[in-house]
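S.K.: how does the following fold in three dimensions:
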Amino acid sequence: MEVIVAKTAGFCFGVKRAVDLAYSEADAKAHSDHDERVFTYGPIIHNEEVTRELAEKGVACIDTIDEIRKLPPSTIIVRSHGIGRQEYEAIEAAGHRIVDATCPFVKNIHRIVKERSEANDVIIIVGDPNHAEVHGIRDWCASSPFILSEPEEVSRLPEISDRQVTVVSQTTFHLKKFEEIVVLLREKYYNIRVCQTVCNATEERQTEARELASKVDAMIVIGGRNSSNTQKLVEISRQACGNTYYIQTLSDLDLMELTAFESVRRVGITAGASTPNKIIKEVHDSMSEENFEQMLQEENPVSIKNGQVVEGKVITVKPEEIVVNINYKSDGIVTAAEYSNTPVDLTQEVNVGDTITAKVLKVNDGEGQVLLSVKRVKAEKANEELEKAFNEGTVVKGVVTEARSGGLSVSVDECRVFIPASLVSDTFEKNLEKYVNQEIEFILTEFNPQKRRVIGNRKELVIERKKKAAEELFGRIHVGDVVEGSVKNVTDFGAFIDLGGADGLLHISEMSWGRVDHPKKVFKVGDIVKCFIKEINGEKIALSLKFEDQNPWLTAAEKYAVGTVVTGRVARMADFGAFIVLEPGIDALLHVSQISNEHVDKPSDVLKTGETITAKVVDFKGPEKKISLSIKALLKDADQDAPADEEDSDVVASTEEAPATIDVPEEVAEAVESAETTEE
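M.R.: Residues are numbered from 1 along each chain as shown. Okay, the predicted model is just below:
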């Protein structure tokens with residue numbers, strides 16, 4: 001028969017601490033000349049064997065405050081399950097010396113419910129209402145709490161909408177059942193704060209019991225009948241293995257009943273947190289010929305000290321805490337704050353079974369566990385790499401974590417590097433926020449970790465890389481090449497296009513064959529533009545969007561031949577006439593004398609900017625890109641098409657036809673040419 005003992009079987013940290021304190025007081029009493037008596041207030045732990053041994057050593061158990069008040073000044077050992085505030089104060093008031101053996105995890109729950117209830121929170125305790133630990137927790141509440149032990153009890157709770165709800169659990173409660181109750185509570189209340197106070201040792205025991213029970217033919221659970229955590233182990237084991245036996249000592253085990261099952265080849269053994277190792281050993285030895293003593297003896301404690309770097313395996317992961325087995329008498333704890341300088345959810349960073357390296361900050365964090373830091377190991381290693389990079393002048397990569405008024409804070413494996421604003425880029429950066437969460441490269445110009453002065457310089461790299469990119473760009477581009485780039489900046493006179501190594505200027509006059517009122521109406525920063533190189537002058541590149549094959553004047557002679565009736569929009573006006581846009585890039589002049597049959601002093605008397613007019617082309621000069629229009633000629637055509645009376649025929653015949661070409665005075669022609677040049 002193969003016998004497998006759970007690694008976590010036996011005393012947990014809190015129980016061992018309480019038992020050690022009790023035995024220490026018993027020994028002190030035995031060697032003392034004083035007659036002061038020693039008592040435990042309630043059983044020190046839920047194990048009859050331990051209670052009996054302490055009694056034999058002169059440490060009696062007393063159960064009520066009334067009994068304590070009647071005692072002469074004595075030493076009172078507070079049990080591991082803790083006691084209520086009123087009981088604690090009553091013992092002090094009676095003049096007794098208190099040795100507090102309350103489990104630190106239970107103490108933490110006392111603190112939580114006291115602080116939150118005094119802040120007017122409604123307290124919900126998940127646990128056995130008859131358990132000593134729950135009695136103690138309840139008494140530390142400033143107002144009456146609700147106590148739940150089953151999921152169906154949630155429905156009986158009142159509606160609470162005007163107060164915060166804080167939930168805690170008995171440290172030895174069934175973890176899975178606690179999680180089921182929490183799900184229902186979160187559905188019932190929106191203003192809820194859940195404190196997962198099922199202790200790590202309990203959680204580990206329950207997980208290991210479940211896994212072990214699923215792999216064996218029979219399961220033995222050892223522990224006191226009043227032990228809540230042992231009862232939970234029995235419940236969990238029976239769910240996975242029907243042949244589960246609950247015993248207190250070897251005398252409770254009927255080996256004949258166990259061996260009656262012919263299929264039993266593997267037996268699992270686990271024990272509650274209040275079960276001494278010697279009882280586990282007795283049970284094992286009775287079932288196996290193997291020497292189990294070495295397995296059950298406590299391992300020689302590994303010597304560790306503050307500042308030491310240790311390696312361990314992750315056994316539990318919570319959003320804000322990692323529990324690590326470091327082969328020491330206590331587990332190591334890594335908080336989220338000691339894992340990284342950046343806020344993280346540890347369940348997304350670490351998995352159970354991962355091996356991690358950490359530095360010891362405190363051998364005892366006040367709750368019996370070893371406080372570890374992962375980020376400090378990373379920081380020390382990063383410091384070595386940064387020092388090497390500083391000495392050798394090599395490039396460093398880091399993630400920007402914060403943008404300040406004076407520069408950027410960059411994280412390099414938990415080390416902080418500061419890059420002053422003047423060294424972020426080769427030009428002034430107004431908005432440093434755009435770099436946050438980006439990985440950037442830089443070199444180090446100062447490295448003094450003792451004074452926390454580690455200074456980076458990105459500007460030098462930007463200048464060097466831009467210079468190299470510019471050399472490559474100018475080495476391959478030529479006038480006439482079609483290029484693509486992104487709009488870097490837009491001004492009143494044009495847009496600067498980043499070509500990947502140098503900027504090119506797309507002047508407002510080169511943005512369209514037509515008129516552009518303002519570059520910002522056409523482009524915005526970040527737009528991708530395809531254009532061609534019009535000119536290269538040293539380091540200056542002139543760009544254009546006026547592709548020749550899109551020149552509207554290529555087909556203008558056919559579209560705007562003399563005699564053609566056209567429609568256009570009044571773009572602007574001068575005293576001598578109005579400029580009419582026929583299509584983008586082609587304007588025509590409607591002379592003031594050709595606007596109407598009536599005399600017109602100036603175009604603005606009868607026309608409005610933006611108005612659409614219809615006129616006749618009376619002159620076309622392609623090489624000079626000039627077109628003249630006439631509304632007057634169009635009106636005359638309409639008059640000629642109308643039927644005339646015989647008596648008016650002589651008048652009509654004698655009317656002089658309007659010339660096809662308008663004679664424009666020299667000074668007007670110069671003004672038109674000047675206006676058109678300005679428009680282009």
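S.K.: shouldn't Glu179 be within a strand?
M.R.: No - the assignment for Glu179, made by DSSP: H, G, I helix; E, B strand; the rest coil, is helix rather than a strand.
S.K.: state the helix or strand in which Ile580 lies.
M.R.: Using DSSP states H and E, the element containing Ile580 is strand 577-583.
S.K.: and that strand, which strands flank it?
M.R.: strand 565-574 (antiparallel), strand 586-591 (antiparallel) (DSSP bridges).
S.K.: buried sites along stretch 155-163?
M.R.: Judged by neighbour count using 16 or more other C-beta atoms under 10 Å, the buried positions of stretch 155-163 are 157, 160. C-beta: built from backbone N, CA, C; applies to glycine.
S.K.: over to stretch 80-97?
M.R.: Buried, per 16+ other C-beta under 10 Å, within stretch 80-97: 80-84, 87-88, 90-91, 94, 96.
S.K.: ditto for stretch 173-188
M.R.: Buried residues in stretch 173-188, counted by 16+ other C-beta under 10 Å: 173-178, 181-182, 184-185.
S.K.: from Ile137, how far off is the closest residue to Val154 other than its chain neighbours?
M.R.: Nearest in space to Val154, with sequence neighbours left out and distances taken as C-beta to C-beta, 6 or more residues apart in numbering, is Leu184 at 4.2 Å. Summarising the geometry, the distance separating Leu184 from Ile137, computed by C-beta to C-beta, to the nearest Å, is 21 Å.
S.K.: and the buried residues of stretch 80-97, which is closest to Leu157?
M.R.: Within these, proximity to Leu157 (C-beta to C-beta) peaks at Gly84, which comes in at 22.9 Å.
S.K.: residues contacting the residue nearest to the closest one when sequence neighbours are not counted?
M.R.: Residue nearest to Gly84 in three dimensions, not counting chain neighbours: Asp139, with 2.4 Å by C-beta to C-beta, 6+ apart. Shown here is Asp139, whose contacts under the criterion C-beta atoms under 8 Å, 6 or more residues apart in numbering are 83-87.
S.K.: any idea how far stretch 445-458 is from the chain center?
M.R.: 28 Å (C-alpha atoms, centre = their mean, to the nearest Å).
S.K.: coming back round to it: report the secondary structure state of the residue nearest to Val154.
M.R.: When the structure is reduced to helix, strand and coil (three-state DSSP), Leu184 reads as helix.
S.K.: that one touches Glu150, doesn't it?
M.R.: No - taking C-beta atoms under 8 Å as the contact criterion, Leu184 and Glu150 are not neighbours in contact, 10.4 Å apart.
S.K.: in TSV, list the contacts of Asp139 along with distance to Ser628 and pLDDT.
M.R.: Converted to TSV, those look like this (distance: C-beta to C-beta, whole Å; pLDDT from 0 to 100):
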residue	distance to Ser628	pLDDT
Ile83	108	92
Gly84	106	92
Arg85	104	92
Gln86	108	92
Glu87	110	91
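S.K.: buried stuff in stretch 426-443?
M.R.: Across stretch 426-443, burial judged by 16+ other C-beta under 10 Å covers 426, 429, 432, 435, 440, 442-443.
S.K.: from those, which two are the most distant?
M.R.: Taking every pair in the buried residues of stretch 426-443 and measuring C-beta to C-beta, the maximum separation is 18.9 Å, between Leu432 and Ile443.
S.K.: coming back round to it: return the most buried member of the strands paired with strand 577-583.
M.R.: Per residue and on average, the most neighbours among these fall to strand 586-591, with a mean of 23 (mean count of other C-beta atoms under 10 Å).
S.K.: for Leu444, see how far away the nearest residue to Ile497 once chain neighbours are set aside is.
M.R.: Spatial nearest neighbour of Ile497, excluding adjacent residues (C-beta to C-beta, 6+ apart): Gly485 at 4.1 Å. Between Gly485 and Leu444 the distance, using C-beta to C-beta, works out to 33 Å.
S.K.: equivalent analysis for Ala557, please.
M.R.: Distance check for Ala557 against Leu444: by C-beta to C-beta, it reads 68 Å.
S.K.: ok, the two, which is more surrounded?
M.R.: Each of Ala557 and Leu444 has its neighbours counted (other C-beta atoms under 10 Å); Leu444 has more, 22 against 10.
S.K.: any low-confidence regions in the protein?
M.R.: For the chain, residues meeting the criterion pLDDT under 70 lie at 1, 31, 33-34, 253-264, 288-303, 365-368, 641-680.
S.K.: tally of neighbours for Glu558?
M.R.: 8.
S.K.: give me the element it is part of.
M.R.: Assigning secondary structure by DSSP H and E places Glu558 in helix 556-559.
S.K.: ok, residues contacting that helix?
M.R.: For helix 556-559, the surrounding residues in contact (C-beta under 8 Å, 6+ apart) are 586, 620, 622, 627.
S.K.: recalculate using a threshold of 7 Å.
M.R.: Contacts made with helix 556-559 from outside it, assessed by C-beta atoms under 7 Å, 6 or more residues apart in numbering, are listed as 586, 620, 622.
S.K.: if we can go back for a sec, dump the buried residues of stretch 80-97 into JSON lines; add secondary structure and distance to Glu611 as well.
M.R.: Output for those, formatted as JSON lines (DSSP: H, G, I helix; E, B strand; the rest coil; distance: C-beta to C-beta, whole Å):
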{"residue": "Ser80", "secondary structure": "coil", "distance to Glu611": "96"}
{"residue": "His81", "secondary structure": "coil", "distance to Glu611": "94"}
{"residue": "Gly82", "secondary structure": "coil", "distance to Glu611": "91"}
{"residue": "Ile83", "secondary structure": "coil", "distance to Glu611": "95"}
{"residue": "Gly84", "secondary structure": "coil", "distance to Glu611": "92"}
{"residue": "Glu87", "secondary structure": "helix", "distance to Glu611": "96"}
{"residue": "Tyr88", "secondary structure": "helix", "distance to Glu611": "94"}
{"residue": "Ala90", "secondary structure": "helix", "distance to Glu611": "99"}
{"residue": "Ile91", "secondary structure": "helix", "distance to Glu611": "100"}
{"residue": "Ala94", "secondary structure": "coil", "distance to Glu611": "105"}
{"residue": "His96", "secondary structure": "coil", "distance to Glu611": "105"}
